[in-house]
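Colleague: Requesting a structural model of the entry that follows:
(2 chains)
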Amino acid sequence: MSAPRLELRQLRKRFDGLDVLADISLTVRPGEFVSILGPSGCGKSTIFKLLTGALQTDGGEVLFDGTPLEDGRRPFAFMPQRDALMPWRRIIDNTTLGLEVQGLSRSQAREKVAPLFAEFGLDGFERHYPAQLSGGMRQRAALLRTVVQQRDMLLLDEPFSALDALTRAGMQRWLQAMWERHRWTALLITHDVREAVFLSDRIYVLTERPARVLDEITVSLPHPRTDLASPEASAIEARLLQTLLNPQP
Amino acid sequence: MSTSRTRAGVFAPVFSKIAPALLSVGTLVVAWELYARFSGISAIMLPAPSRVIGQALEHRQALFDNTLPTIRATVFGFGCSLTAAFVFSVLVDFSGRLRRALFPVFIISQTLPLVAIAPLVVLWFGFGLAPKIMLVALVTFFPMLVALVQGYAATDDDIQSLLASMGASRVRVFLLARLPSSLPYFFAGLRISITYAVVGAIFAEYAGAAKGLGIYILNAKNNFRPGLVLAAVLVCATLTLVLFGITVLIQRVAMPWERLDQGRRR
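Modeller: Modelled structure (predicted):
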């Protein structure tokens, strides 16, 4: 078993005297796809805000490759819940955003991103504005913007929650296929049980606020996972639902 | 897939859009014409539109000579005001303390009655261009500043936290997100302010000037020439509409993505 890439130790966060995160400990190993599953409003997104430096922790440790995550170090590429594409930038210029912030010139950044458009199903849409794209395509553009930053790890915050059910199912399949190929180290926040089972190697189940880890489940189904109706998948799904709906402290 | 449409396809909907406006304006002008002709009212009291246009044509050289200074005052004054509004909007966006210090001053500047201020400014700075620029700026600065500040504040939080997660500095966030986000507000402010700017320039001239539509109106009024007053008003209105149209055109060029929301891909 390889050393963890990311390790959270007893992470705590309070807002105005209200405990949001009570005790979050989890690990993500290199090349692993881990999900955080929890009820809406339990503070899942707060974990990402602590990781990206938008918020400060009130206790606990964040270790990245075994060393504390100091300020200024940015090993994460973050994909927000809504696509957050800039309506005034063409798709290609939206996807280069992270590279431009890193200091690349616009043309250098474009050169780097352009070859990836076909793989992300965006071929021919480079010069379009976000308003001209469907929800699924916008989400793929947002993921492209995330992965081209070439960070050590992806943070995906409910990336498909705003999509309709059919598009979401298509995007989950697509993301799985992409992950098979690239084996990104990824941490996914979701409240969709099936999505978690479909995509993850391991799943952490959180309680209601104040959030703590209720259960950790390893999903040892083989990839690619096309058969979600298999007895193993159904059993894991049932167990997750049971844990979420009847939390035993 | 092509986003551009054919020329005929562009102009037909434009015409159907402006037809109601043409109709309502036309109705008003015809009603005015009929009333002036058949109610027996004296042309000294209310000249008919046809007479106003006739007088405008007759005095076109004088009108033209007096329009140029007004345009100059409007454009320079508005240019100064825009520059100042932009600089101050950036300053108050970066410093809350500066914002709390300056906003009361700006708000007070908006409470000053132009009728009282205009003659004073002319008294202090003479009959030249300077007092006109100042008065135009006084009228248009605050609406532009408010529009910009509101525009920055309207920036999508998701976009800003995304940029922060990428390691963007406050200045980068401003340039990449806050500034472009303010564009719709900026243009809304621009459309309102440009109409104020013309009024401001004319008022400044009214308070004292060698040349300009404002002083022309004043002289025409004192000579009991309502036809000439209205002819000058017609020129003012045309000038304002042209400037308004220019801002709309600039917005179209500057924000090509804006119209996509309506004309989404089929």
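Colleague: all strands of chain A, in order?
Modeller: For chain A, the strands defined by DSSP state E occupy A:6-15, A:18-28, A:33-37, A:61-64, A:67-68, A:76-79, A:153-157, A:186-190, A:202-206, A:211-218.
Colleague: Mean neighbour count, mean pLDDT and distance to residue B:117 for the ones you listed - can I get that in JSON lines?
Modeller: Every C-beta, even on glycine, is put in place using the N, C-alpha and C of the backbone. Output for the strands of chain A, formatted as JSON lines (neighbours: other Cβ atoms under 10 Å in any protein chain shown; pLDDT from 0 to 100; distance: least, Cβ to Cβ, whole Å):
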{"stretch": "strand A:6-15", "mean neighbour count": "18", "mean pLDDT": "89", "distance to residue B:117": "49"}
{"stretch": "strand A:18-28", "mean neighbour count": "18", "mean pLDDT": "89", "distance to residue B:117": "52"}
{"stretch": "strand A:33-37", "mean neighbour count": "25", "mean pLDDT": "93", "distance to residue B:117": "62"}
{"stretch": "strand A:61-64", "mean neighbour count": "16", "mean pLDDT": "88", "distance to residue B:117": "59"}
{"stretch": "strand A:67-68", "mean neighbour count": "9", "mean pLDDT": "85", "distance to residue B:117": "62"}
{"stretch": "strand A:76-79", "mean neighbour count": "24", "mean pLDDT": "92", "distance to residue B:117": "52"}
{"stretch": "strand A:153-157", "mean neighbour count": "22", "mean pLDDT": "93", "distance to residue B:117": "54"}
{"stretch": "strand A:186-190", "mean neighbour count": "24", "mean pLDDT": "94", "distance to residue B:117": "58"}
{"stretch": "strand A:202-206", "mean neighbour count": "23", "mean pLDDT": "92", "distance to residue B:117": "63"}
{"stretch": "strand A:211-218", "mean neighbour count": "17", "mean pLDDT": "88", "distance to residue B:117": "60"}
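Colleague: so which of those strands comes closest to chain B?
Modeller: Nearest of the strands of chain A to chain B, taken as Cβ to the nearest Cβ: strand A:76-79 at 4.0 Å.
Colleague: Flag every buried residue along stretch B:19-32.
Modeller: residue B:32 (16 or more other Cβ atoms under 10 Å in any protein chain shown).
Colleague: follow-up on the earlier one: distance to residue B:169 added to the strands of chain A, as CSV?
Modeller: Shown next, in CSV, are those (distance: least, Cβ to Cβ, whole Å):
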stretch, distance to residue B:169
strand A:6-15, 25
strand A:18-28, 28
strand A:33-37, 30
strand A:61-64, 22
strand A:67-68, 23
strand A:76-79, 17
strand A:153-157, 21
strand A:186-190, 26
strand A:202-206, 33
strand A:211-218, 32
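Colleague: how about those, which one is nearest residue B:26?
Modeller: strand A:76-79 (55.5 Å; Cβ to Cβ).
Colleague: got the strands of chain A as CSV, with distance to chain B columns?
Modeller: As requested, the strands of chain A are exported to CSV (distance: least, Cβ to the nearest Cβ, whole Å):
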stretch, distance to chain B
strand A:6-15, 15
strand A:18-28, 17
strand A:33-37, 17
strand A:61-64, 15
strand A:67-68, 18
strand A:76-79, 4
strand A:153-157, 8
strand A:186-190, 13
strand A:202-206, 21
strand A:211-218, 20
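Colleague: quick check, distance from stretch A:144-153 to the centre of its chain.
Modeller: 12 Å (Cα atoms, centre = their mean, to the nearest Å).
Colleague: how about the CA coordinates for that stretch, as CSV?
Modeller: Extracted in CSV, the C-alpha atoms of stretch A:144-153 (Å, rounded to 0.1, in the frame of the first residue of the first chain):
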residue,chain,number,x,y,z
LEU,A,144,-10.6,20.4,-19.1
ARG,A,145,-9.8,23.8,-17.4
THR,A,146,-9.1,21.8,-14.2
VAL,A,147,-6.9,19.1,-15.5
VAL,A,148,-4.7,21.2,-17.8
GLN,A,149,-3.4,22.9,-14.7
GLN,A,150,-1.4,19.7,-14.2
ARG,A,151,-1.7,19.8,-10.4
ASP,A,152,-1.0,16.7,-8.3
MET,A,153,-4.6,16.2,-7.4
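Colleague: The strand or helix carrying residue B:116: which residues count as buried?
Modeller: Per DSSP states H and E: residue B:116 is located in helix B:114-125. By 16+ other Cβ under 10 Å, the buried positions in helix B:114-125 come out as B:114, B:117-118, B:121-122, B:125.
Colleague: Show me the subset of the residues you listed that also lies near chain A.
Modeller: Among the buried residues of helix B:114-125, no residue is within reach of chain A (Cβ under 8 Å from any Cβ of the partner chain).
Colleague: Beyond the helix or strand containing residue B:131, next helix or strand please.
Modeller: According to DSSP H and E, residue B:131 maps onto helix B:129-153. Going down the chain from helix B:129-153, the next helix or strand is helix B:157-165, by DSSP H and E.
Colleague: Centre of the chain to that next one, how far?
Modeller: That offset, for helix B:157-165, works out to 34 Å (Cα atoms, centre = their mean).
Colleague: The helix or strand just after it near chain A anywhere?
Modeller: Using DSSP H and E, the helix or strand that follows helix B:157-165 in sequence is helix B:170-173. Yes - interface with chain A: helix B:170-173 contributes residue B:172 (Cβ under 8 Å from any Cβ).
Colleague: Name the residues of helix B:170-173 that come out as buried.
Modeller: Buried-residue list, helix B:170-173, by 16+ other Cβ under 10 Å: residue B:173.
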